[in-house]
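**Q** Can you look at this prediction? I've put the sequence above it.
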Amino acid sequence: MAQREREHLKWVKAADSAAAVGDYEAAATYLRRVADHLWLIGEQDGFKVFAGKACACYLKAAEAFWTVNERMKASSLYRSVVNYLREVGDTSAAEGYDGLVQKYYSALVEADFVDFKGQAQDLKHVGDYFRARDNYVDAGKCYGRAAEIAVKEGKTMLAGGLYRDAGDCYRRIEWYERAVEAYEKAADNYFQGEGYYEAAWYYNVCGFMVVSVRKLDKASTLAGKAQEACVKGNIGIFISDLSLICKSLSEGRILEAREQWSKIRRKFRETYVNLVESSFKALT
């Protein structure tokens, strides 16, 4: 018997043992491995059988956590149920459980997370859920609150990434003031965590965004912070150049900034080019 086939049987036995003691989440994990194995070797019927069994175990685990009011954990498991139901073609049941998750997550946001007791990563997953459904308002709120928790947990780089995600969501729906606030907090946390490249990048993003609304003193301050991050991180061309361009714009030296920008413009993707170009338009 091939090694993978022996593992296949080992996982089935492990799933049975876990289920026998009520550990349905572990049982589902083992059954999922079996399903993945069968999918890889092209046994579609077997895949559907074991994916269905994994789904049933995740459902039992989710219902158990829901019953004892551990709704965050339960919702995470229900999301696994939704994914597996969709894989085996039961879209109607999948939508039902997804609706349950969405109802809980929406209530969490509407209550301003007053009952939330989890960690930053838990709330990040809720933000990811909303962003995948183009609900950028609620996603931004989740990321922002998750970032605050990450700061309390002493996880500055994680906080930076979460504030960045919040900024991306607010920028997507053109809530530019909130986006700038989130991006600056992202940069501050990246800087504190010695992520100087990321700090410089988002200080520059903020700088160009506030130039676009002619808040030039603020832009000058942000450009200075970007330059400091570049020095701290020994960051050379492009990012450092951007901070100089932002500084020039904030001080009204538009022709100088344009000359600097023309030298590096082609290095950046369209969304960033549009941001910088909007800064020039605001001042001309």
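**A** Looks like it arrived, so ask away.

**Q** And Ile235, how close does it get to Cys246?
**A** Using Cβ to Cβ, to the nearest Å, one gets 15 Å for the distance from Ile235 to Cys246. In short, each C-beta sits where N, CA and C put it, glycine included.

**Q** more crowded one of those two?
**A** Cys246 (28 against 19; other Cβ atoms under 10 Å).

**Q** wait, isn't that one in contact with Ala223?
**A** Yes: applying Cβ atoms under 8 Å, one finds Cys246 in contact with Ala223, separated by 4.0 Å.

**Q** got any residues that touch both of those two?
**A** Asn204, Gly207 (Cβ atoms under 8 Å, 6 or more residues apart in numbering).

**Q** Can you pull the poorly scored residue ranges out of the stretch 1-150 of the chain?
**A** Under the criterion pLDDT under 70, the flagged ranges of the stretch 1-150 of the chain are 1-7.

**Q** For it, just list every one of the helices.
**A** With helices called from DSSP state H, counting those that start in this stretch, the stretch 1-150 of the chain shows them at 3-20, 24-40, 44-67, 71-87, 91-110, 120-132, 136-152.

**Q** Need these in a markdown table (columns: distance to Gly252 and mean neighbour count).
**A** As requested, the helices of the stretch 1-150 of the chain are exported to a markdown table (distance: least, Cβ to Cβ, whole Å; neighbours: other Cβ atoms under 10 Å):
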| stretch | distance to Gly252 | mean neighbour count |
| --- | --- | --- |
| helix 3-20 | 67 | 14 |
| helix 24-40 | 60 | 21 |
| helix 44-67 | 59 | 19 |
| helix 71-87 | 51 | 21 |
| helix 91-110 | 42 | 16 |
| helix 120-132 | 38 | 20 |
| helix 136-152 | 33 | 23 |
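
**Q** Kindly reformat these as a markdown table containing distance to Lys185.
**A** Putting the helices of the stretch 1-150 of the chain into a markdown table (distance: least, Cβ to Cβ, whole Å) gives the following:
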| stretch | distance to Lys185 |
| --- | --- |
| helix 3-20 | 42 |
| helix 24-40 | 35 |
| helix 44-67 | 33 |
| helix 71-87 | 24 |
| helix 91-110 | 19 |
| helix 120-132 | 14 |
| helix 136-152 | 7 |
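
**Q** Kindly state which of those is positioned closest to Ile254.
**A** helix 136-152 (32.7 Å; Cβ to Cβ).

**Q** That closest one to helix 91-110, inter-axis angle?
**A** Per axes from the mean of the first three to the mean of the last three Cα atoms, to 10 degrees, the angle that helix 136-152 makes with helix 91-110 is 60 degrees.

**Q** Next, the angle from helix 136-152 to helix 120-132.
**A** Using the same axes, to 10 degrees: helix 136-152 against helix 120-132 is 160 degrees.

**Q** Following element in sequence after helix 136-152, please.
**A** helix 156-172 (DSSP states H and E).

**Q** Which other helices and strands does that following helix contact?
**A** helix 120-132, helix 136-152, helix 176-192, helix 196-211 (3 or more Cβ pairs under 8 Å, 6 or more residues apart in numbering; DSSP states H and E).

**Q** Any chance of a markdown table for those helices, columns distance to Tyr58?
**A** Formatted as a markdown table, the helices and strands packed on helix 156-172 follow (distance: least, Cβ to Cβ, whole Å):
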| stretch | distance to Tyr58 |
| --- | --- |
| helix 120-132 | 15 |
| helix 136-152 | 23 |
| helix 176-192 | 34 |
| helix 196-211 | 36 |
